[in-house]
Each structure stands twice: as structure tokens, then as C-alpha cells.
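Participant: fold the following and give me the result.
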Amino acid sequence: MQRLTRYALLGACTLVLAACKTDDLPITGINQKPDFLTSDIVHQRYDGSSNDLLTGGLGASGLASGTAPAPADPLNPTATELRTLAIYNNYRALVDTSDGGGYGTLFGPQVGADDSEGMIPGDEYLALMTLDDSDVPATVMLQVPDSFDPDNACMITAPSSGSRGIYGAIGTAGEWGLKKGCAVIYTDKGTGTGAFNLMTGAGQTLQGQTTTDPTASLQFRPDLSASDIETFNTDWPDRFAVKHTHSQTNPEADWGQYVLKSIEFGFYVLNEAYGEALPNGKIRVTLKPGNTLVIASSVSNGAGASVRAAEEDSRGLIDGVAVSEPNVNPTVDRSFSIRQGSATPITDHSRSLLDYTTALAVYQGCANLAPGVKDTAPFNGILNDFTVDDNICSALAAKGLVTGADTDARATDAQRILNETFGIQPEQNLVAPSHFGAAVAQSISMTYANAYGRFDVTDRLCELSYAATNASTGAVEPLAEAAEATLFATSNGIPPSAGIHQVYDAASGGPTNLKLSTSPSSGLQDYGLDALLCLRSLAQGSNAVTGADLSDEQASQAQRIADGIDAIRASGDLHGIPTVIVTGRSDAILPINHTSRPYFGLNRTVEGQKSQLHYYEVLNGHHLDAFNAFAGFDERYIPLHRYYLEGLDRVYAHLTDGTALPPSQVVRTTPRGAGAPAITEANVPPIADSPDEADRIVFEDNEVRIPD
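Facilitator: Residues are numbered from 1 along each chain as shown. Below is the predicted model:
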């Protein structure tokens, strides 16, 4: 109980912990290698000069550079080169590294560091693991900075955001934990960047190198016989199977378990390094849950994974939770409603990710053209083809899915449907067009429909597949060798990414990049609307156009998907663990009326007065801070990352010093405005210790009440 002696100074450990942790846990006695590991542990030492844990040797300036590090031999990158490139891409995908956006002043490796580059020396341990019911491996990694103090041990979980690989949380939980002197435990939570070339048999090893060796241990190899693959290749050449989409495991159902297993791995490795060496050559466990502070953290999907881990933690591994914009699908509970200001209460909350995302995939292209959106939303005219968007409006109108005599009216109706029917916040309307142009909803819809239903690559759900495509025609072609060699470092795990695209195999004229596809039903280039409507039908369990019952085959597919969604629903029971959730009101990927807001209400319903969940909703914050580096975004939106870091600071202070967590509240920020002058702390004030009553978020009379 060494760690708890600090808490005892406050009078009782219940002031700062949900429950007193003890050492009477399986992580005791003689240190034993976990039986869920399926590979050797790869250990690398980084001295902080030529290479390091946080920046891959690039330093703060290298991460901010617009020029990515390139392998010396593009066709044969080394494991070290792939690691550095992966860190570069994953860091910049989540953090705005542009001048004036807060990098180097409010956050970044160099902030609070001893040198201008913020490189961190230490040790890194990498391995593959599986859960009991799966033979599909996940990656797990522990980073231990030289500043780690075993006498004041702390560990931060860093499951990857999105479908990213093992470095997917390097710039978020990774950076905070390493700078704090904590060990950071990462996992790709069963998603990751595993892409398997069905034509060549090439896949990625633990350290990311591409190989065609059939005996190699890969991050992902589809469960297909050689004859099945040969038949598939004959009909659908040059296709890829992707781990999150095609592993047939519904990894999201086990995200919490992957995080908990990663914590066990962390304790094992730490005790190998710091445990008591015995005369017989064995090691006695000295670092345990009872004397090591563990905070479950990360953002987006990684945040959802850490929340699920806290719900499923029956062993007292986790002391606190600090997450941002979590992908949680709360168990549907209509006993409470959500009200913002004086608006009509929302009772149709807690829609599943697949439900609202397929709606965005179908309607957002048309909504891009709505008055007040078309010429105002950042990136709209750059990432989106307005001719295609107009075709989408025409196709939707022909099917009776939107009304209006012209494009303006149809686009207005599409926007209304998203806001009123599907509970999308109006604050998200100007952010969503850029996400449609980046294929966010389209890619999520395809990936998660397949994952929830446990479909394999040969099922080609809704006649969709993955392949490289010709830039002008959209026709399928082999992926360039250099692109395939670096998939580990460049892919975000959910195509379109790193040269692999969504392909609509039933498009008019033959298999075509979904974005360029012409739908057979419309005869228009409408972003393959027929395929997106198919996914929408599977999500809602009836024909998305007519409302009629699905065919027997589709009904079976829809039921498999519905069962998968049931398996990923969050319970809302955090067992009194001190928890901070930070979310931006303008989040256009994970709409707050279906994620953070109802989770707050569900938790209050389940835990009541015992709840230690604190929810901070940040105005002018959205899901992808990296977009803030660009014109239009830089003027309107602030870095939510700044509040995620504050959330971690607050939870850490609460657990170590007993500092009270501020009440749930709306945080009012000030955008940088015209010309986007350099951001200052005045733009992003801290979470208030004693917020005005008008800013407080409360749960009263079975209602989540959110100030305007």
C-alpha cells in the first residue's frame, strides 16, 4: 500500500479513489509472462538524442515539418524508419502542429521540456496478444521514460484513436504520460493497420515490415483457405482484406478487455525491470495495482475503449479515467431525456454509431449544398465536388428521401433530416461537409457494418470491397509497391487510406472507386449512393428507400449487425471511479446527443449520487484538431486537445493530492477570429473550479440539462 500512504494523509482513501485498492490481486507473487502474449517481446532502447520515445527522433520541429521522413530505400523501409514515419503521421493526425494554433505554447513535446525539441529517452516494449476467444492478434506496447520513478509509479493507458495502429495515441495520452514520468501502455485494441493483399499474400509484421512469407507472424491474415483466396482473386483481383473490417471478431466488443490486458502486460514488463530479483533467478512482483497509479485515457475510439475498460474492471486495476470525445454507444435508456437550453427535450438519443453514420453517409453530400453551408463551411468547395453533391440531391429526391423543387430546397431538407430526425447538433453543420469530403462517414459505415456483423472479405457486404484505384477513372489497379511497403506507417486502418480505397463493385461500368461511382438506380455519379443506401438499410433493419422488409439475405445480415451493436453497448456503470469526459459541441464524427451527453445521463441513472463522472462540453471544439491548421477552421475552432490535457491534469491532481474535480459544465471559449491571430490562453480559459450556475451541466428530474 506504499502509494496509498500519500492518500491516507487526506484522512481516507475514498476521498480520492473509488475504492481502496489492495495487493490481493493476481498481479502479485512471482512475475509471470502473461499467457495472452503470442509473440516475443521486442525491446528497444532510445537514448533521446538520435531517437526517442515520443517523436521518433524527429523532435518537436520535425513533427511540425510539412515534409514527412522518407525511407532511404522506399521499397524496403527498415523497422526504425517505419516507426518514425508512423509516429510522424499519427501525431499530426490528431494534433494541430501549425504556427499560432497552440503547438509549442499550449501543448507539444517542447512545452515544459528541458530542451526545444522535447525528445524523451527511455525503453519501448512491443508484442502481439490475443484474447481467449480470438486468434486474431492485437498489438500491445509499453513505453517507459527514464524519468519513471518506481517509488511513485504511474501508468497511463493509450489505446489507439480511430482504427489506428499501435502509435495511434502517441500525441495524446502518450505525450502527456511520458512528460509526466509515467509508463504509457498502448494497444491497437484489435483494429490497427493490418492490411492483407489477397493477390500477393503480403501483410505486415509486428514492427510493420511487409512480407509475403506464409509462415510469418502477421498483424492480420484473413481466415481463408488457399482455394477460397484463389477463387476470390479470380473474380475480384487486387483486393485487400483489412483487419478492423474483415477480422470477423467485432473488436469493439472487446475494446475494454484489450485495455485491461494491456495494463497486465504493463505490470509484467515493469516488474521485469523493477521487481525484486530472487536468488533462484525469478522476480518477485513489487509494482502492483495497490502501489501504482493507473489512469485510463486516450481520445475518440481509444477513449471509448478506456471507458469500457473502467466499466469492466473487476480487479481494481484502474484508479481514474480522463478521456476526450469518446466513441461510446450507451445502452439505450428512454427514462431520461436531454435538453439544451430551452429547446425541446431529446428522447431519441443514444443512436448507435452505425445508425447515425449511415445517415450522414446518405444525406450529408446533399446537405453540403444547403444555403448557409455551401459557401461557408470550410473545405466544402475543396474536398467536395458540388456537381456530385447536386446529383446526390437529385437521386435522393427521385427516391422520395428529400423534398424540394430545386437543389437549395432539397439540400435544406437533407440538413433538416440530419438535425431533426437524427439529432445532429446545428453546431456540427459547418464541420460535417469537410468530413464527407474526407470520406469519414462513408468509411465508418462500411468498416463497422462489416465488423459488427463479423463478415469476411469474400462477403463483399453491399457489394463493397477495398483496392487501389486509378486516380482519374476510379478503376481497380494494383497498389504501388512503395505505398504497400509503408502501409504500417501511413494507413489509419480504415480505407480510404494510404492508397487503398472503397470500391463499389456494382457501379455502372464496373468496379469503381466509391467516390467516383455511378449508381445503377440513378444513372448519376452520386458517390455510389446505392451502396450507401444498402448500408443504411442494414443499419435500420428495413429498406432505406421504401421502408419495406428486407430480403431474407439482407434481413439475416441486418440481424448479425444488430447483434454486434448490442455487444458493444456501454453500461454506464463506472463503479465510482473518478472520471473526466471532455467533448467538443461541434463534433461532427461522434454527435454528442448519441455519445457523451447520453453517457453522462446513463451514468447518473445507473450510479446516482455515487457517480464520480465529470463532463465538460467545450464550445467551438470539434473532433479533428488537425483541421484547425487550415483556413476557415483556424478562425472558427479552438484546440480541444488543450482541454483533454487539462482533464488529465485534473484527474492526476485529484488522485494524488485530493484536489476536487470541477462540476460538470459548458466551457466557453473564444475563437481566434478573422485572420486567425496566434491563440492565447484568453481564447481557451481553464475549466472553472466554481462555474456560474448558468454554465453547469446537471442531471435533474430524469433530464440531462445542458446550457446553451
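Participant: how about stretch 557-577: buried residues?
Facilitator: 557-558, 560-562, 564-565, 568-570, 572-575, 577 (16 or more other CB atoms under 10 Å). To be clear about C-beta, it is placed using only N, CA and C from the backbone, and glycine gets the same treatment.
Participant: of all these, which comes closest to residue 401?
Facilitator: residue 558 (18.9 Å; CB to CB).
Participant: for that closest one, grab phi and psi.
Facilitator: Backbone torsions for residue 558, taken as degrees, to the nearest 10, come to phi -60, psi -40.
Participant: do residue 254 as well
Facilitator: According to degrees, to the nearest 10, residue 254 has phi -110, psi 10.
Participant: who's in contact with the spatially closest residue to it that is not a sequence neighbour?
Facilitator: Excluding its sequence neighbours, the residue lying closest to residue 254 (CB to CB, 6 or more residues apart in numbering) is residue 131, at 5.6 Å. Shown in contact with residue 131 (CB atoms under 8 Å, 6 or more residues apart in numbering): 36, 138, 190, 254, 257-258, 261.
Participant: so which of these sit within helices?
Facilitator: Judged by DSSP state H, helices contain the following of the contacts of residue 131: 257-258, 261.
Participant: out of those residues, who's the most crowded?
Facilitator: Counting neighbours by other CB atoms under 10 Å, residue 258 leads the ones in helices among the contacts of residue 131 with 27 neighbours.
Participant: what residues go with each domain of this protein?
Facilitator: Domain assignment for the chain, taken from automatic domain parsing, gives 21-192+250-324, 337-350+594-706, 353-567.
Participant: distance to residue 212 and mean pLDDT added to the ones you listed, as a markdown table?
Facilitator: Output for the domains of the chain, formatted as a markdown table (distance: least, CB to CB, whole Å; pLDDT from 0 to 100):
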| stretch | distance to residue 212 | mean pLDDT |
| --- | --- | --- |
| domain 21-192+250-324 | 13 | 96 |
| domain 337-350+594-706 | 34 | 98 |
| domain 353-567 | 11 | 98 |
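Participant: check which helix or strand covers residue 311.
Facilitator: helix 300-312 (DSSP states H and E).
Participant: list the buried residues for that helix?
Facilitator: For helix 300-312, the neighbour count (16+ other CB under 10 Å) marks 300-312 as buried.
Participant: please state the offset of that helix from the chain centre?
Facilitator: Relative to its chain's centre, helix 300-312 lies at 10 Å (CA atoms, centre = their mean, to the nearest Å).
Participant: who does that helix touch, helix- and strand-wise?
Facilitator: strand 154-159, helix 255-274, strand 293-299, strand 320-324, strand 579-584 (3 or more CB pairs under 8 Å, 6 or more residues apart in numbering; DSSP states H and E).
Participant: mind running it again at 7 Å?
Facilitator: Applying 3 or more CB pairs under 7 Å, 6 or more residues apart in numbering; DSSP states H and E, one finds that helix 300-312 makes contact with strand 154-159, helix 255-274, strand 293-299, strand 320-324.
Participant: can you name the residues in contact with the last one?
Facilitator: So the one you mean is strand 320-324. 295-299, 303, 306-307, 310, 574, 577-582, 640, 644, 647-648, 651, 654-655 (CB atoms under 7 Å, 6 or more residues apart in numbering).
Participant: for the closest residue to residue 512 other than its chain neighbours, give me its contacts.
Facilitator: Closest residue to residue 512 apart from its sequence neighbours, by CB to CB, 6+ apart: residue 474 at 4.1 Å. Residues near residue 474 by CB under 7 Å, 6+ apart: 512-513, 516-517.
Participant: if I look at residue 474, how far off is residue 233?
Facilitator: For residue 474, the distance to residue 233 equals 20 Å [CB to CB, to the nearest Å].
Participant: now swap in residue 654 and tell me
Facilitator: Using CB to CB, we find residue 654 at a distance of 56 Å from residue 233.
Participant: what do you get for residue 28?
Facilitator: Taking CB to CB, one finds residue 28 at 51 Å from residue 233.
Participant: again with residue 147
Facilitator: Distance from residue 147 to residue 233, by CB to CB: 51 Å.
Participant: next up, phi/psi of residue 76, please.
Facilitator: Dihedral angles (degrees, to the nearest 10) for residue 76: phi -140, psi 60.
Participant: so what's it up against?
Facilitator: Taking CB under 7 Å, 6+ apart as the criterion, residue 76 is in contact with residue 485.
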